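**Q** Let me see the structure of the following:
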Amino acid sequence: MDLFHAFTVLIVLSAIFAYINHRYLKLPTTIGLMLIALLTSLGLVIVGQFNTSVIEQAQTLVGSVDFSKVLMEVMLSFLLFAGALHVDTPTLAKERTPIIIFATMGVTASTFMIGTAMYFILGWLGLGVDYIYCLLFGSLISPTDPIAVLSILKSAKVPKNLEVKIAGESLFNDGVAVVVFLTLFQMASQGVENTTVLDIIELFAVEAVGGVVFGLGLGWICYKLMISIDNYVVEVLISLAIVMGGYALAAYLHTSGPLAVVVAGLVMSARGREFAMSDLTRDYLDKFWELIDEVLNAVLFVLIGLEVLILTFEMSYILAGLIAIVVALTARLISVGLPISLMKLKRDFIPNTILILTWGGLRGGISVALSLSLTPDMGRDLFVTITYVVVVFSILVQGLTVKKLVKQEVVKEGTVENNYLNTY
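**A** Numbers count the residues shown, from 1 in each chain. Next comes the predicted model:
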């Protein structure tokens with residue numbers, strides 16, 4: 001099946017599942033779509049026991065879509081820009097210190113904690129792999145996925161400054177985590193002994209720092225072009241060109257495309273929306289990117305749910321995935337808890353911020369995509385299964401309960417703003 005027909009099927013399934021969810025389940029859209037897709041996949045697996053042609057056709061459909069390539073090279077730029085465009089930048093600026101710490105030191109610390117723990121756990125389970133490959137898994141499962149997080153936050157009614165911390169961290173740690181992953185991937189590919197500290201510093205500087213600088217340039221160009229005209233069609237096209245052209249050029253320059261589009265989106269959110277757009281343009285631009293965000297999210301989470309059809313089902317892999325859930329949550333607790341505990345000496349945090357950040361740090365499509373980019377000799381089948389188990393738990397269990405947790409933990413302290421309390 002060619003790519004066009006595969007996407008046609010995905011769009012049709014997304015529309016059907018979205019209708020079922022909206023009409024009957026009434027769950028948050030991303031969670032509902034993924035749950036229905038997952039149940040559909042399990043149903044196809046069961047039917048496939050009696051009619052192999054059914055499961056073979058379904059596997060052909062899912063297999064014809066290169067999940068890693070589609071997400072990382074096509075969808076991600078649109079989703080990150082749409083998310084950054086609607087972030088409250090004044091609040092983000094005030095919360096920049098914890099966000100930077102979470103997105104850099106937090107991701108790095110989590111990578112090593114998870115990688116080290118899984119190295120010993122997999123050895124204990126008889127699934128031993130090299131330490132560098134365990135670190136690769138740690139780097140791909142550590143970042144909270146902005147796509148999953150932002151979609152859940154829309155319905156969770158999180159207090160504004162905490163919402164910005166979660167959203168800002170998830171937007172930036174995605175780019176940082178990809179840089180960490182690429183660094184470890186390079187080390188694993190060419191041999192740890194052949195990689196120097198200078199190589200690592202150079203890669204980080206080009207990818208991360210270069211991505212931020214390039215994103216600032218993209219945002220400035222977009223702002224200057226928009227402020228010189230007043231035509232909502234042209235201005236929407238400019239924003240689209242900045243995202244697509246900028247992401248492609250970032251890949252050519254070997255800088256971080258995710259960081260570039262996030263920074264460009266924040267520039268447009270901070271200055272472009274206020275100074276470069278008329279009310280009409282702002283309205284059209286917001287609706288355009290909101291629609292892009294919703295449609296691509298729908299397709300993405302349906303695809304995540306269908307990926308179960310091509311997983312390697314081995315009980316030892318699934319057991320490792322269940323243990324990895326606990327490991328990932330523990331590493332998340334430590335990587336956000338320690339910095340917050342230290343920063344509390346000089347900054348105020350909403351009560352139970354550590355618990356909410358830990359449970360609200362969802363893993364999603366980016367982790368799945370990175371795991372699928374591993375080579376067979378890096379334990380690809382093992383780590384794809386483990387990643388999938390962690391992601392499904394994160395989105396279905398954490399995603400469905402984070403709203404209740406936020407309400408319970410924050411309201412319990414009696415420190416929530418009136419407008420937050422009024423939503424309930």
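**Q** For the rest of this, base every contact and every neighbour count on C-alpha atoms.
**A** Fine.
**Q** Look up how far Ala208 lies from the residue located most distally from the centre of the chain.
**A** Farthest-out residue of the chain from its mean C-alpha position, per CA atoms, centre = their mean: Phe50, at 36.8 Å. Applying CA to CA, to the nearest Å, the value for Phe50 to Ala208 is 51 Å.
**Q** Spatially central residue for the chain, please.
**A** For the chain, Asp145 is the residue whose C-alpha lies nearest the centre (CA atoms, centre = their mean; 2.1 Å).
**Q** Contacts only, for it.
**A** Going by CA atoms under 8 Å, 6 or more residues apart in numbering, Asp145 touches 170-171, 174, 361-367.
**Q** Following the helix ranked longest in the chain in sequence, what is the next regular element?
**A** Identified as the longest helix of the chain according to DSSP state H is helix 160-190. Downstream of helix 160-190, the first helix or strand assigned by DSSP states H and E is helix 197-204.
**Q** Low-confidence bits of the stretch 151-300 of the chain, can you list those?
**A** 151-158 (pLDDT under 70).
**Q** for the residue farthest from the centre of the chain, helix, strand, or coil?
**A** Classification of Phe50 using DSSP: H, G, I helix; E, B strand; the rest coil returns coil.
**Q** List the backbone torsions phi and psi for it.
**A** When read as degrees, to the nearest 10, the backbone of Phe50 gives phi -110, psi -20.
**Q** cool, Leu311 as well?
**A** According to degrees, to the nearest 10, the main-chain angles of Leu311 amount to phi -80, psi 160.
**Q** give me every residue that touches the residue nearest to it when sequence neighbours are not counted.
**A** Excluding the flanking residues, the one nearest Leu311 by CA to CA, 6 or more residues apart in numbering is Thr385, at 6.3 Å. Neighbouring residues of Thr385 by CA under 8 Å, 6+ apart: 311-313, 317-318, 321.
**Q** could you redo the last one with a cut-off of 10 Å?
**A** If you count contacts by CA atoms under 10 Å, 6 or more residues apart in numbering, Thr385 has them with 308, 310-314, 317-321, 368, 371-372, 391.
**Q** Over to Met343?
**A** 97-98, 337, 349.
**Q** Weed out the non-buried ones from the contacts of Thr385.
**A** Among the contacts of Thr385, the ones that count as buried by 16 or more other CA atoms under 10 Å are 308, 317-318, 320-321, 368, 371-372, 391.
**Q** and the helix or strand containing the residue nearest to Leu311, average pLDDT?
**A** Counting by DSSP H and E, the element that carries Thr385 is helix 380-393. In this model, helix 380-393 has an average pLDDT of 95.
**Q** Pull the distance from it to the chain's centre.
**A** 15 Å (CA atoms, centre = their mean, to the nearest Å).
**Q** Could I have the CA atoms of it written out in PDB?
**A** Extracted in PDB, the C-alpha atoms of helix 380-393 (Å, rounded to 0.1, in the frame of the first residue of the first chain):
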ATOM      1  CA  ARG A 380      15.400  -2.400  18.700                       C
ATOM      2  CA  ASP A 381      12.600  -5.000  19.200                       C
ATOM      3  CA  LEU A 382      13.200  -5.100  22.900                       C
ATOM      4  CA  PHE A 383      13.300  -1.300  23.400                       C
ATOM      5  CA  VAL A 384      10.400  -0.600  21.000                       C
ATOM      6  CA  THR A 385       8.200  -3.000  23.100                       C
ATOM      7  CA  ILE A 386       9.400  -1.500  26.400                       C
ATOM      8  CA  THR A 387       8.800   2.000  25.100                       C
ATOM      9  CA  TYR A 388       5.300   1.200  23.900                       C
ATOM     10  CA  VAL A 389       4.300  -0.200  27.200                       C
ATOM     11  CA  VAL A 390       5.600   2.900  29.000                       C
ATOM     12  CA  VAL A 391       3.800   5.200  26.500                       C
ATOM     13  CA  VAL A 392       0.500   3.400  26.700                       C
ATOM     14  CA  PHE A 393       0.500   3.500  30.500                       C
END
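**Q** thinking again about what came up before, just the buried ones out of the contacts of Met343, please.
**A** In the contacts of Met343, the ones that pass as buried (16+ other CA under 10 Å) are 98, 337.
**Q** Looking at the contacts of Met343, which are in strands?
**A** Using DSSP state E, no member of the contacts of Met343 sits in strands.
**Q** Just give me the closest of the contacts of Met343 to Pro376.
**A** Relative to Pro376, the closest of the contacts of Met343 is Gly337; by CA to CA it sits at 35.2 Å.
**Q** which residue sits closest to the closest one, ignoring its sequence neighbours?
**A** Ile354 (5.4 Å).
**Q** if I look at the one you found, how far off is Thr281?
**A** Ile354 is 39 Å from Thr281, by CA to CA.
**Q** on that earlier part again, tell me how far the residue nearest to the centre of the chain lies from Glu56.
**A** On the measure of CA to CA, Asp145 and Glu56 end up 31 Å apart.
**Q** and Met187, what is it in contact with?
**A** Neighbouring residues of Met187 by CA under 10 Å, 6+ apart: 132-133, 136, 181, 193-196, 199-200.
**Q** Quickly find the element holding Val9.
**A** Per DSSP H and E, Val9 falls inside helix 3-20.
**Q** which residues make contact with that helix from outside it?
**A** Contacting residues not belonging to helix 3-20 are listed as 1, 21, 23-27, 29-30, 32-37, 40, 60-66, 295-303, 306 [CA under 10 Å, 6+ apart].
**Q** Return the subset of these lying in helices.
**A** Counting by DSSP H, those place 29-30, 32-37, 40, 60-63, 295-303, 306 in helices.
**Q** could you flag which of these are buried?
**A** For the ones in helices among the contacts of helix 3-20, a burial check counting by 16+ other CA under 10 Å picks out 29-30, 32-37, 40, 61-63, 296-303, 306.
**Q** show me where the stretch 301-424 of the chain has helices.
**A** Counting by DSSP state H, counting those that start in this stretch, one finds helices in the stretch 301-424 of the chain at the ranges 315-343, 353-360, 365-372, 380-393, 399-413, 418-422.
**Q** tell me which residues in the fourth one are buried?
**A** By that I understand helix 380-393. In helix 380-393, counting by 16+ other CA under 10 Å, buried: 380-393.
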